[in-house]
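J.: here's my sequence, what's the structure:
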Amino acid sequence: MGQITLKNVSKSFGATTIIPDIDLEIEDGEFVVFVGPSGCGKSTLLRLIAGLEDTSGGTILIDGRDVTGEAPAKRKLAMVFQSYALYPHMTVARNIAFPLKMAGESPDVIEKKVADAARVLNLTNYLERRPGQLSGGQRQRVAIGRAIVRQPSAFLFDEPLSNLDAALRGTMRLEISELHNQLKTTMIYVTHDQVEAMTMADKIVVLNAGNIEQVGSPLELYRSPRNLFVAGFIGSPRMNLIEGKTAAEHGAKTVGIRPEHLSVSTTEGAWKATVGVAEHLGSDTFLHVHSDGVGPLTVRADGEIGAHHGDTVWLTPDPSKIHRFGADGIALQ
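T.: Residues are numbered from 1 along each chain as shown. This next block holds a predicted model:
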């Protein structure tokens, strides 16, 4: 079991409030991602759940049991950090086995659990190597293996892929997602990368200055952001946000349209625009344009489009995909 409940949880350092007051329900077996910009409180919230930070107020329940005042070791949680924190003089097998040895498990149990974890993580052929002989992705898998053998109620990941290059991050995203499918264990994953959040999560928690802005599935947040912060943070490239006359025409202070919801023509359309930078990425081309009376826009176009710097194009937003926001930044119905 791995149901985690936060009731009125807050955290302050002296007079500075980091987490004002949070309520959150994480169901057993869910993959939940905390996402937000640097300094939004996502790692602090994870550390509160882990017991690595004391709460200033509120209650944390794990499977209905109040663990607010309990030490980390008693919460049956396993944490994987950005730093691999492996012992360089130990083999992969001994690194994975270390928490079991410290817990006093028998050699037979340790051997079986290490072998099972290594099989799940494709590390069987590397058990006798030392960390210095492994790639960054393999080292991270060893760190995850050390967590798996403890058979925790939930895994807590604190930006575990930040030290990897782009290709390895993509691979490890898939591996962690597949691991969740195999283990069916609750996972809470912290990242500032909304692409990681969108591709991995069952449920995303968007944080801003310690507050939860919105909770929902990736598609819920993409299709129906509840405010300007979520609209601008979720989606890559980010949503175009437009004010002035164009917004007023739609009865709003601000309107949003995603780059993929703007059609492009060289002959006609709603908004005339001039191409600045064209990023040709193969399957897609991102056009960064300026339209008089509308402002700067990003457009996601077909990869074969022949637009270049200085070209004139015409853009037409999909009327069913326009998001409207009031003066308070909250989405209008």
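J.: wait, a helix at residue 55?
T.: No - Residue 55: not assigned to a helix; according to DSSP: H, G, I helix; E, B strand; the rest coil it is coil.
J.: give me phi/psi at it?
T.: phi -70, psi 150 (degrees, to the nearest 10).
J.: tell me how many other residues crowd it.
T.: Using other Cβ atoms under 10 Å, residue 55 is surrounded by 19 other residues. Where C-beta positions appear, they are placed from N, C-alpha and C, glycine not excepted.
J.: quick one, phi/psi of residue 143?
T.: phi -60, psi -40.
J.: regarding the spatially closest residue to it that is not a sequence neighbour, what is its secondary structure?
T.: Counting by Cβ to Cβ, 6 or more residues apart in numbering, residue 84 is the residue found nearest to residue 143 once chain neighbours are left out, at 4.7 Å. Using three-state DSSP, the structure places residue 84 in coil.
J.: ok, residue 84 touching residue 145?
T.: No - using Cβ atoms under 8 Å as the test, residue 84 is too far from residue 145 to be in contact (11.1 Å).
J.: show me the contacts for the closest residue to residue 91 other than its chain neighbours.
T.: With sequence-adjacent residues excluded and distances taken as Cβ to Cβ, 6+ apart, residue 91 is closest to residue 128, at 5.3 Å. Residue 128 sits next to 91, 92, 93 when contact means Cβ atoms under 8 Å, 6 or more residues apart in numbering.
J.: which one of those is nearest residue 207?
T.: Nearest to residue 207 among these, counting by Cβ to Cβ, is residue 92 at 34.8 Å.
J.: please report how far the closest one lies from residue 152.
T.: Here the criterion is Cβ to Cβ, to the nearest Å. By it, residue 92 lies 20 Å from residue 152.
J.: the closest residue to residue 121 other than its chain neighbours - how many residues pack around it?
T.: In space, and not counting its chain neighbours, residue 121 is closest to residue 141: 4.5 Å by Cβ to Cβ, 6+ apart. Look at residue 141: counted by other Cβ under 10 Å, it has 27 neighbours.
J.: quick check: residue 141 is in a helix.
T.: Yes - the assignment for residue 141 (three-state DSSP) places it in a helix.
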